[in-house]
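S.K.: Structure, please.
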Amino acid sequence: MLSDKKLKSLDVGRVLDRLITLQKKSIDDVSIDLDAYDDYISVYADLAIGRSKQVASSGQDANRKYRVYVIRHRTDIDESMRVKDGSSYWMIESIFPVDRERLYDELTCYRYTPEYERGETS
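M.R.: Model (predicted):
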């Protein structure tokens, strides 16, 4: 394990300039709503489209759009959450550490693309 001084020197140069909100599933005893989420925490992230280990190694579904967010390492998030970025919502597919020291995590997120955005007509 590296010392704190060496970890601080590694933590230079990454710009986290995009404010995103992580949302948790809403738990309500009255009804079950699959799309009900509550804001959990807002964090700063780096939008890194196309640099995901997960997306690069898998055959991408044509109906899905992918985004990759890099955030500071957190132990309180999991794949059941989703990301709110402005007015769009992205489901978390995977969470991977970016480096061995676990300073940052890579959130691979997706959302389904409607047919009109893909240029298809029925």
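S.K.: Share the number of residues neighbouring residue 91, please.
M.R.: 15 (other Cβ atoms under 10 Å). For glycine as for every other residue, the C-beta is placed from the backbone atoms N, C-alpha and C.
S.K.: swap that for residue 103, please
M.R.: Neighbours of residue 103 using other Cβ under 10 Å come to 17.
S.K.: how close does it sit to residue 16?
M.R.: 11 Å (Cβ to Cβ, to the nearest Å).
S.K.: swap in residue 36?
M.R.: 28 Å.
S.K.: anything in contact with each of residue 103 and residue 16?
M.R.: residue 72 (Cβ atoms under 8 Å, 6 or more residues apart in numbering).
S.K.: Please give the element, helix or strand, for residue 80.
M.R.: In this structure, residue 80 is located outside every helix and strand according to DSSP states H and E.
S.K.: Backbone dihedrals for the nearest residue to it once chain neighbours are set aside, please?
M.R.: Nearest residue to residue 80, sequence neighbours excluded (Cβ to Cβ, 6 or more residues apart in numbering): residue 25, at 6.0 Å. Phi and psi for residue 25, reported as degrees, to the nearest 10, are phi -60, psi 140.
S.K.: Please name the residues that touch residue 25.
M.R.: 36, 37, 38, 80, 81.
S.K.: Out of these, which end up buried?
M.R.: With burial judged by 16 or more other Cβ atoms under 10 Å, the buried subset of the contacts of residue 25 is 37, 81.
S.K.: Same list (the contacts of residue 25) but as a markdown table, adding distance to residue 94.
M.R.: Putting the contacts of residue 25 into a markdown table (distance: Cβ to Cβ, whole Å) gives the following:
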| residue | distance to residue 94 |
| --- | --- |
| 36 | 23 |
| 37 | 19 |
| 38 | 22 |
| 80 | 12 |
| 81 | 12 |
